[in-house]
Structure formats: C-alpha cells, structure tokens
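Trainee: Could you work out the structure for the sequence below:
(2 chains)
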Amino acid sequence: MFAYIARRIVYVIPIVLSVALVCFLLVHITPGDPLVAVLPADASQELAAQLRSAYGFDRPLPVQFGLWLWRAIHGDLGNSIATGRPVLSEVMHAVSNTVMLAIAAAIIGFTLGLLLGLIAGYFRDTWVDKVATSFAIAGVSLPHYWLGMVLVIIFSVQLNWLPAVGAGAGGSGAWAWDWEHLRYLVLPAITTSVIPMGIITRTVRALTGDILSQDFVEALRAKGLRETGVFRHVVKNAAPTALAVMGLQLGYMLGGSILIETVFSWPGSGLLLNSAIFQRDLPLLQGTILVLALFFVLLNLLVDIAQAAIDPRIKRS
Amino acid sequence: MSTMTDTALQAAPATKARGYWATVARRIARDKVSMACAIILVLIFASALFAPWLGLADPYQGSMIRRLRHIGTPGYPLGTDELGRDMLARLIYGGRLSLIIGILPVILAFVIGTSLGLVAGYVGGKLNTAIMRTVDVFYAFPSVLLAIAISGALGAGIVNSIVSLTIVFVPQIARVAESVTTGVRNMDFVEAARASGAGPFTIMRVHMLGNVLGPIFVYATGLISVSMILAAGLSFLGLGTKPPEPEWGLMLNTLRTAIYVNPWVAALPGAMIFAISICFNLLSDGMRSAMDIRN
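Mentor: Model (predicted):
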C-alpha cells in the first residue's frame, strides 16, 4: 500500500508542475501589456520600464516562471491589483465558502444519486427505473445557472421563502451555523447538487446492471442467499467506481462554481474569479486558478488512494 | 483476372459496412425518444436558419413603452424583454449564434482530437506518451475552470469563447480516440492490411478511421450538450457575445434584473438551452445503444 501511495505521489509531481506552468502562461496569452491594469494612462516611458522590471516582466520567460514558481512554493502568489492584499489569503478565504457550498451540495447530490442509481439499476426497465433515469438525464442536461434563476423565481420572488442572493447579514465574515444564515445556502446548494446527482445516478445504475448480470450473482442466488444479501454484494462491488466518480464530481463542484456563485452572489472562489476577470486583476486570476486546480489534483490523488485502499485489485495493475 | 479479385476485395467490406450502419439507422429510427429529439432539434435548427423568412418582428427593435410584456400579450406571444424587444423573435434569432458557439467547438475538437488520438493510438511509443501526457495536464483542471481561465485570460468575444471551449474538449476527445484506436490497432484485419503492404497513412485512413469514428462520434454528440451549456454560460458571465446581439446566455444575463417584474419571460432563454441540451443527450444515448449490436 505504501509503495502504491509513493508511486502515485511521484506521478503527481510533473502534473503539479505542468499545472503551474499553464497558470503562469495564462497571463502571457492575455492580449496587450500585462501592465495595462496597473499603469496610469499617461505614464511615462521611464515609469513603465521601472514597473516592468519591478514585476520582472523584462526578464526571459523561463526565468520569470522560475521566480514565480519559487515564490508560489513559499506561499507568495503576489498581491491583488484591485485590493492590494495578498492573493493567497484572498483566495483561501473565498475557497472556504466554496468548500462549504460544495459539501452541502455533495450531501444532497450524492445521497440522491446513489439511491436513485441503485434503485434504477436494481429494478431495471420498470417504471421506477424510467422515473429515476429521467431525473438523471434532466440533471445532466440542465443549464445549472438557469436552474438557479428558476429556483430564485419560485422560492424567492413568488413564494418569498428563501433569500435570493448573498450569504446573510454581515457577509461571509459573519457566518454562523444557524437557520438565519443556513437559509442562504439552501438554493445554491440544491442548484449545485443537480449535475452530480444526475451523473452519479447514471454511473451507479450502469454499475448495478453490470454487476447483477455477472455469474457470481447467479451463484449467490443459487446457493440460497436472500435478496438483501445479494444487494450487499452489489453495493460492495460498485463502491470503488462510485467513490471515484464522487471524488471527481466534488472536484468539479469546487472548481466550477463560478456560474452558480455569480447567480447567487455567493462569496466563494467563483465570485472572486469573476471579479478578477472583469477587473483585469491578473495576479488574482492566476492565483485563484492555480489554487483551485491544485485542490482538484490533490482531491484526485486522495480518491485514487482511497480507491486502492478499498479495492485491492487496483494496486496490482 | 486481377481486376476481378480487386473488385471482390473492395466490394466485400463495403457491403458489410453498409449492413452495419443500415442496422444502426433502423434501430435509431425505431426508437421513439431518439426520433422525437431529432425532430425537435431539426425544428430548432430550421427556425434559426430560416429566421428572416418567418415573418418575425425585428429582434433588435426595442421600445421604451412596451418593455417586459407578459407571455401571451396580443402581438407578443412570448412577451417582450427589458428593452421592449419581441421575445419570440429574439429566441429564434438567438438560436443562430447560440448554436454556432455551442456546436462549433465540438466539431473543431472532434477533428483535432480524433487526429491526435488516432496518431497517438496507432503510432504508439514515445509519440503516444508525448501526446497523452500533454492531454493529462488538461485533465488536471475541472472543465468549467479551464474554459473560464482561458476565456478570462483571452478576454470577452465570440472567437475567444469558441477557442477556449475547443481547448477544453480536444483532450477529452483525444483520450476516447486514443483508447478506441489502441483497441482496434492489434486486430487481425489491420495486421492483414499491413502485411499486404499498406502504409501507415492508408491503414489509418482506410482501415481504422471507419472503425473508430462511431464511438468517438457518439461521445462528441454527448459533448454538444455540455458545450451548449458552457458556451451560453460564458456569454451569461459576459465573456461571449456583446449586446445587443440575441444569444440565449447573454439574454439570460440581461433579463436577470427583470425577474422581479416578469420572471417567466426572464427564464425563457434558459429553457431553449435546456431543450437543446437534453435532446442531444438523449440522442447520444439512443445512438450508443443502437450501435451496441450485441444486445
């Protein structure tokens, strides 16, 4: 097991470096001078040159990348141009809100997805299966930002039950675990949960069907095992793949939250990314994407290790 | 004599191929869900294509006195938007841009990704490692984040949004193409073609492309649904089309301010995206099961 973990960690190092390279290059595919956002329009040539060397833009690209990487490893992702505060602390603060949203959505989406998938796979081609499959296909086809709008229309505008935007009085800094604040989480979490719900339902349904058609299930039934016992075997066999899909979905929810956070003005990493893009705050844009991508890589690593821990076949391949 | 053998050799696989695809087509035609989706899609495509000849109102012509009319107002069957423009006209005209920015990235990625995957899978060795490891790097980003990152760095615009979505989908299609190609490469008929002196380019084009395109095509059809949602999403954020152009994602964004006044008109453009996306998903599912002849 330790050998496997070590091998996986070694394999992650080049990925992390390439992710850093992509994030670094993002700033350099930006049209125009990266200094445009900081330079006043009437800046003199000398001031521009001075700033260029202060930011290191006058050095060759590989040197710039090396310096940027060195600072990034030490937790220095530069300062936001808009606020002047360190990028890392801005990002981490926002990410914590996104994690909260993603976990709430995961609880809803994963529970529903696993339940619907197991039921649909077990009662294949019955009406229960058809209902569950329709839910799943609707879930993966919904433009989730639109679903967010529709939920706001129903539950905020028409029924006036739940708040439409924000994270409660005092913003994200004054968050507390009471209903006064939690009710702000309900609509964004439901909206976020719909895609993973659909994907997990579809995956688990297919898995269940595959497992049930295998010979060993026939053997279990032939030797007189009750259906509840057969069901336990199905769950055990489906677990490693289901776990991998859930891990990936959690990663997508963390990294792809920008649309939903924009609809609900949820103060997470997606909203931060949105403002970074439109204020042309390049260090913030670069830093947010780097942190989110690293979270995603780390999550994938953890899922692989967890999968190997519950399924001994994986280590051998 | 030799010409006779040649015709026989060429005719044999051709009839077999027609037989397979004819079976698949028949199975799709018999699937009610797939056919319903195909009809809906054809209607939406046709109305977008022929929009100027449908006798619709001008999608750009607004009016301050008839803003945000409700659905069913006489003269405005689907109401009017926040600038008093006819919603029905804007939804139908909106299909033109929305469909282009949603589908073009998948077509581009289909061409680029299939070529990359085919070459990587067929040639193997170092070239495979080089292509597939590069593909892995893009898998280290959640696809929405990657699309936003590239789009955000390049700046707003239709071309930039198409470019960024293409970059998101190329690795995904390349991975599917590579795994299908690797599976087909070691089959006997490829070996036979090689033994009879066919060069690598001929083998890839004549013998392998037909066998790998099916699964990749089905995968790409499913991607259109994701691409439509993401493309409209980029416009929704303000990274795609610019006003006053009718485009579903952008329309959702500008109508968002109107949800307290006329909520259901504001929600209409999203329903269009949803309809297209669910139809492509169901069609992709239908094709997948139709091509799975074993069942």
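Trainee: Show the backbone phi and psi for B:Glu178.
Mentor: Dihedral pair for B:Glu178: phi -60, psi -40, per degrees, to the nearest 10.
Trainee: Contact partners for it?
Mentor: Applying C-beta atoms under 8 Å, 6 or more residues apart in numbering or on different chains to B:Glu178 gives the contacts B:Leu116, B:Gly117, B:Leu118, B:Ala120, B:Gly121, B:Asn128, B:Ile131, B:Met132, B:Val135. Any C-beta I mention is one placed from the backbone N, CA and C, and that applies to glycine too.
Trainee: try A:Ala43
Mentor: Applying C-beta under 8 Å, 6+ apart, the residues near A:Ala43 are A:Leu51.
Trainee: What helix or strand is it located in?
Mentor: Taking DSSP states H and E as the definition, one finds A:Ala43 inside no helix or strand.
Trainee: That one and chain B: what is the separation?
Mentor: Going from A:Ala43 to chain B by C-beta to the nearest C-beta, to the nearest Å gives 21 Å.
Trainee: So what does that residue look like in phi/psi?
Mentor: phi -60, psi 140.
Trainee: Look up how far B:Ser34 lies from it.
Mentor: 61 Å (C-beta to C-beta, to the nearest Å).
Trainee: ok, the closest residue to B:Val190 other than its chain neighbours - how many residues close by?
Mentor: Of all residues not flanking B:Val190 in the chain, B:His207 sits nearest, at 5.8 Å (C-beta to C-beta, 6 or more residues apart in numbering or on different chains). When neighbours are counted by other C-beta atoms under 10 Å in any protein chain shown, B:His207 registers 18.
Trainee: So B:His207 lies in a strand, does it not?
Mentor: No: counting by DSSP: H, G, I helix; E, B strand; the rest coil, B:His207 falls outside a strand, being helix.
Trainee: Quick check, it in contact with B:Asp188.
Mentor: No: using C-beta atoms under 8 Å, B:His207 makes no contact with B:Asp188, being 11.2 Å away.
Trainee: and the residue nearest to B:Leu41 when sequence neighbours are not counted, what helix or strand is that in?
Mentor: Nearest residue to B:Leu41, sequence neighbours excluded (C-beta to C-beta, 6+ apart): B:Cys279, at 5.1 Å. If you go by DSSP H and E, B:Cys279 is part of helix B:263-291.
Trainee: Return the set of buried residues in that helix.
Mentor: B:263, B:265-270, B:272-287, B:290-291 (16 or more other C-beta atoms under 10 Å in any protein chain shown).
Trainee: Next, the contact list for the residue of the stretch 151-295 of chain B found nearest chain A, please.
Mentor: Here the residue of the stretch 151-295 of chain B nearest chain A is B:Gly270; by C-beta to the nearest C-beta that distance is 2.9 Å. Counting by C-beta under 8 Å, 6+ apart, B:Gly270 touches A:Pro143, A:Tyr145, A:Trp146, A:Leu147, A:Met149, A:Val150, B:Trp248, B:Leu252.
Trainee: Next, find the distance separating it from A:Arg183.
Mentor: 24 Å.
Trainee: just A:Leu26 next, same as before
Mentor: A:Leu26 is 37 Å from A:Arg183, by C-beta to C-beta.
Trainee: Looking at those two, which has the bigger crowd around it?
Mentor: For A:Leu26 and A:Arg183, the more surrounded residue by other C-beta under 10 Å is A:Leu26, and the numbers stand at 19 against 13.
Trainee: Distance of the more buried one relative to B:Tyr76?
Mentor: For A:Leu26, the distance to B:Tyr76 - C-beta to C-beta - is 44 Å.
Trainee: that older thread, tell me the pLDDT at the residue nearest to B:Val190?
Mentor: Model confidence at B:His207, given as pLDDT, is 80.
Trainee: and it, what does it touch?
Mentor: Here B:His207 is in contact with B:Phe189, B:Val190, B:Ala193, B:Ala198 (criterion: C-beta under 8 Å, 6+ apart).
Trainee: Flag every residue of the stretch 51-200 of chain A that's near chain B.
Mentor: A:137-138, A:140-147, A:149-150, A:152-153, A:157-158 (C-beta under 8 Å from any C-beta of the partner chain).
Trainee: Please enumerate the helices of the stretch 101-250 of chain A.
Mentor: A:127-141, A:144-151, A:179-212, A:215-222, A:227-255 (DSSP state H, counting those that start in this stretch).
Trainee: Most tightly packed of the ones you listed?
Mentor: Among these, ranked by average contacts under mean count of other C-beta atoms under 10 Å in any protein chain shown, first place goes to helix A:144-151 (a mean of 24).
Trainee: hmm, who's touching it?
Mentor: Counting by C-beta under 8 Å, 6+ apart, A:187-188, A:190-192, A:194-195, A:259-260, A:262-264, B:229, B:233, B:236, B:252, B:256, B:259, B:266-267, B:269-271, B:273-274 sit against helix A:144-151.
Trainee: just stretch B:85-92 next, same as before
Mentor: B:47-48, B:51, B:54, B:56-63, B:71, B:76-81, B:246, B:248, B:251, B:265, B:268-269, B:272.
Trainee: Give me the buried entries from those residues.
Mentor: B:47-48, B:51, B:56-57, B:59, B:62, B:76, B:78-81, B:246, B:248, B:251, B:265, B:268-269, B:272.
Trainee: Narrow the residues you listed to those in helices?
Mentor: Among these, the members found in helices (DSSP state H) are B:Ser47, B:Ala48, B:Trp248, B:Met251, B:Val265, B:Leu268, B:Pro269, B:Met272.
Trainee: tell me the two of these that are most distant?
Mentor: Spatial extent of these (C-beta to C-beta) is set by the pair B:Ala48 and B:Val265 at 19.9 Å.
Trainee: how about low-confidence regions in chain B?
Mentor: For chain B, the stretches with pLDDT under 70 are B:1-18, B:293-295.
Trainee: The residue nearest the centre of it is in what secondary structure piece?
Mentor: A centroid search over chain B (C-alpha atoms, centre = their mean) returns B:Ile224, at 3.0 Å, as the residue closest to the centre. Assigned by DSSP H and E, B:Ile224 belongs to helix B:209-237.
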